[in-house]
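*Asks:* mind folding the following:
(one chain, ligands or ions: 5)
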Amino acid sequence: MMVKKLCCFQYFVVCSLLLAVVVSSKHTGNSANDLVDIINKNRTAQKLPQLSNSPGLGCIALQYAEECMGNCTSNNSVNCQPPEDDFTEVFAPNCGVELPTFGTISGYILGCQQKYLEPSEAFSNALVHDKRSLSLLRNKTHTEVGVGIIKAHKHKGPYLWCVLFSSSQRNTTFVLDDLGEGIKQKKGCYSGTSFSCSRAHRDEGLLSNIIWILVLFCIIHFQQFLFKLF
Ligand SMILES: *[C@@H]1O[C@H](CO)[C@@H](O)[C@H](O)[C@H]1NC(C)=O
Ligand SMILES: *[C@@H]1O[C@H](CO)[C@@H](O)[C@H](O)[C@H]1NC(C)=O
Ligand SMILES: *[C@@H]1O[C@H](CO)[C@@H](O)[C@H](O)[C@H]1NC(C)=O
Ligand SMILES: *[C@@H]1O[C@H](CO)[C@@H](O)[C@H](O)[C@H]1NC(C)=O
Ligand SMILES: *[C@@H]1O[C@H](CO)[C@@H](O)[C@H](O)[C@H]1NC(C)=O
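*Replies:* Residues are numbered from 1 along each chain as shown. Ligands and ions are numbered 1, 2, ... in the order given. Got it, this is the predicted structure:
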C-alpha cells in the first residue's frame, strides 16, 4: 500500500508540473512590446532619447511584415519594399489608422528567421546586424517606434520582424480609430497594445505535442486511480 501511495504521489507531482508547463506556455506576453523595450534600453544606454511606442505604427509594421512573408530567403535575408502607396491605401485602412494622422516614416528594419527567436535574440540576430540597421537604431530624429511580428505558416516559420521608426510629433500621429482600438488583426501581433501574441504564433514544435500527450496520459491514469479509490 505504501509503495502504491508513493507512486501515486510521484504521478501527482509529475502531472502538476506538466500542467504548469502547459498553463505557463499560454502566457506568452507581447514580444513586440519586449522588442520596443530592448530598442529603448539600447538607445538610453547611448544617451539617445526614448521612442514612444505607437500602436498605429506597430500595426502598420505588422502589415509590412505580412506583405513580405513570401520574401524570406533560405539564408534569412529579406529583400522587400512594398510600394509607397500601400502604406496609405492598404496598411492604414487595414489597421484603422486615421488617414489625416498618417505621419512620416523615417526608417524601417526588416528581419526574418526560420525559427522563433526570443525578443533579445531577434534584436541582435535578425534585426540589428549590419551598419544600416545600427545607424537607424541610433538616429536622433526618430520620435516613435512600432514593431510587428508575424509567422508565415500556422505550423512553421519563417518568422518576420518589422520595426518602423517615425519622426512625427509624438502621440498625435498614426491614431487608431474607434478610440484607439483600431481594427483587430487576425494574424501576428504588434507593439503598443496589451494584446498578447497568440499562442499559435510561437513554435508549436514536437515538444509541446509530447507534453500534451503526457497530460492526456496523466488525466486517464488519474481517473483510473480515483475509480480504484472509491
Ligand atoms: C541570400 O540569398 C539571396 C538570394 O537567395 C542572395 O541574393 C544574397 O546575396 C544572400 N545573402 C547572403 C548574405 O548570403
Ligand atoms: C518579394 O520578392 C519578389 C521576388 O523577388 C519581388 O518580385 C517582390 O517585389 C517582393 N515583394 C515586395 C513587396 O518587395
Ligand atoms: C536620420 O534620419 C533622418 C530622417 O530619415 C535622415 O535624414 C538622416 O540622414 C538620418 N541621420 C543619420 C545620422 O543617419
Ligand atoms: C545596442 O545594440 C547593438 C546591436 O545589437 C549592440 O552592438 C550594442 O552593444 C548595444 N548597446 C548596448 C548599450 O546595449
Ligand atoms: C506620449 O504617450 C506616452 C504614453 O501614453 C507618454 O508616456 C508620453 O509622455 C507622451 N508624449 C508626449 C510628448 O505627449
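*Asks:* count the residues that sit near Glu66.
*Replies:* 20 (other CB atoms under 10 Å). For the C-beta atoms, the positions are set from N, CA and C on the backbone; glycine is no exception.
*Asks:* quick one: residues contacting it.
*Replies:* Gly148, Ile150, Leu160, Lys187, Gly188 (CB atoms under 8 Å, 6 or more residues apart in numbering).
*Asks:* can you tell me which of those are in strands?
*Replies:* Among the contacts of Glu66, the members falling in strands (DSSP state E) are Gly148, Ile150, Leu160.
*Asks:* bridging residues for the first one?
*Replies:* In other words, Gly148. Cys162, Tyr190 (DSSP bridges).
*Asks:* I figured it hits Tyr190, correct?
*Replies:* Yes - counting by CB atoms under 8 Å, Gly148 touches Tyr190, with 4.5 Å between them.
*Asks:* output the contacts of Glu66 in a markdown table; the columns should cover neighbour count, pLDDT and distance to ligand 4.
*Replies:* Shown next, in a markdown table, are these (neighbours: other CB atoms under 10 Å; pLDDT from 0 to 100; distance: CB to the nearest ligand atom, whole Å):
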| residue | neighbour count | pLDDT | distance to ligand 4 |
| --- | --- | --- | --- |
| Gly148 | 29 | 97 | 19 |
| Ile150 | 26 | 95 | 22 |
| Leu160 | 28 | 96 | 18 |
| Lys187 | 15 | 92 | 27 |
| Gly188 | 24 | 94 | 23 |
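*Asks:* ok, those vs ligand 3, which is closest?
*Replies:* Distances from ligand 3 to the contacts of Glu66, taken as CB to the nearest ligand atom, are shortest for Gly148 (19.5 Å).
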